[in-house]
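Asker: Sequence first, predicted coordinates after that:
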Amino acid sequence: MTADRFDFDDTEGAWHRRIDLDDWDDVYVVGDVHGCFDAMKRLLATLEVTDDDLVVFVGDLVRKGPDSKAVVQTVREADNMLSIRGNNEEKLLRGEKELDALSAVDMDYIKSMPVVISWDDGVVVHGGIDPRKPLAEHDVDDVQNTRSLTDDSYGRPFWWDEYAGDRRAFFGHTVLSSPVVREHAIGLDTGCVYGGDLTAYDVRNDEVVAVELDRDGLSRSDDSIVDTRERVVA
């Protein structure tokens, strides 16, 4: 593995963390939180997460919502919570955006986040996986930002319409009208910060669990919310 590409086999590296689901009772993958700490607390309470359960976040813990610091601190301090690095964490690390509320310890934690988390038959990425090339040929920007298989960022088909990898891919990044639940891909960004739900996937029971945002969300163009009722395959 180099600094910008993934050697995706059974090894770990600075950008890829392997986990063993047998070490945990229940396992949940949670969509983009974006600083919505209250919704995150309610979702974890709804799931009745214990110390023996694992919670994996798809990245974008930060920005846009009101309390990024509380979200980062909670995940950072929990032995049973992990997060990959989304494009919004990457923007902080690259100096493209700033969050004064985050401490040096918070930023060190964000820097330490993997960009891919995987287990035997699952993989968590923030943006997606381009099915037209091996994951070993993907770089950080690819897995954090992949969405459309066209030159239009929101043009159909999307990558999850064609992806059929050996590992079921869990992802966020693209705001969805409802979760994508397919044999090979699970999409979990249901736009919590924009007034939608904060969504989790219960890996053991193969079901979606969600809570609503209990305040007004940010505005977002309908053109940048993907209607999951439509499906186009190239």
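Answerer: Everything's here; your move. Numbering: from 1, shown residues only.
Asker: How about the contacts made by L213?
Answerer: 36, 39, 192-193, 195-198 (Cβ atoms under 8 Å, 6 or more residues apart in numbering). Every C-beta, even on glycine, is put in place using the N, C-alpha and C of the backbone.
Asker: Might you list the low-confidence residue ranges for this structure?
Answerer: Scanning the chain for pLDDT under 70 picks out the ranges 1-13, 230-234.
Asker: Strands of that one, start to end?
Answerer: 16-18, 27-30, 54-57, 81-83, 116-119, 122-124, 168-171, 180-181, 185-187, 197-202, 207-212 (DSSP state E).
Asker: With distance to D142 and mean neighbour count as new columns, can those strands be given to me in a markdown table?
Answerer: Below are the strands of the chain laid out as a markdown table (distance: least, Cβ to Cβ, whole Å; neighbours: other Cβ atoms under 10 Å):
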| stretch | distance to D142 | mean neighbour count |
| --- | --- | --- |
| strand 16-18 | 13 | 18 |
| strand 27-30 | 20 | 22 |
| strand 54-57 | 20 | 24 |
| strand 81-83 | 19 | 21 |
| strand 116-119 | 11 | 22 |
| strand 122-124 | 13 | 23 |
| strand 168-171 | 12 | 24 |
| strand 180-181 | 19 | 18 |
| strand 185-187 | 16 | 24 |
| strand 197-202 | 23 | 24 |
| strand 207-212 | 26 | 16 |
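Asker: Export those as a markdown table, with columns for distance to R63.
Answerer: Below are the strands of the chain laid out as a markdown table (distance: least, Cβ to Cβ, whole Å):
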| stretch | distance to R63 |
| --- | --- |
| strand 16-18 | 23 |
| strand 27-30 | 16 |
| strand 54-57 | 14 |
| strand 81-83 | 14 |
| strand 116-119 | 21 |
| strand 122-124 | 19 |
| strand 168-171 | 18 |
| strand 180-181 | 23 |
| strand 185-187 | 20 |
| strand 197-202 | 15 |
| strand 207-212 | 20 |
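Asker: that older thread, closest one of the contacts of L213 to V71?
Answerer: C36 (7.6 Å; Cβ to Cβ).
Asker: Once you drop chain neighbours, what's closest to that closest one?
Answerer: Closest residue to C36 apart from its sequence neighbours, by Cβ to Cβ, 6 or more residues apart in numbering: G65 at 4.3 Å.
Asker: What is the neighbour count of D121?
Answerer: Using other Cβ atoms under 10 Å, the number of residues around D121 comes to 11.
Asker: Okay, it and S224: tell me how far apart.
Answerer: Per Cβ to Cβ, to the nearest Å, D121 is found 31 Å from S224.
Asker: G127: what's it in contact with?
Answerer: 87, 142-147, 171-174.
Asker: Could you measure from it over to D197?
Answerer: 20 Å.
Asker: residues touching the spatially most central residue of the chain, list them.
Answerer: Nearest to the geometric centre of the chain sits V58, at 1.7 Å (Cα atoms, centre = their mean). By Cβ under 8 Å, 6+ apart, the contact list for V58 reads 29-32, 83-84, 86, 124-126, 170-173, 188-189.
Asker: Which of the residues you listed sits closest to P157?
Answerer: F171 (15.1 Å).
Asker: and the gap between that closest one and R17?
Answerer: On the measure of Cβ to Cβ, F171 and R17 end up 16 Å apart.
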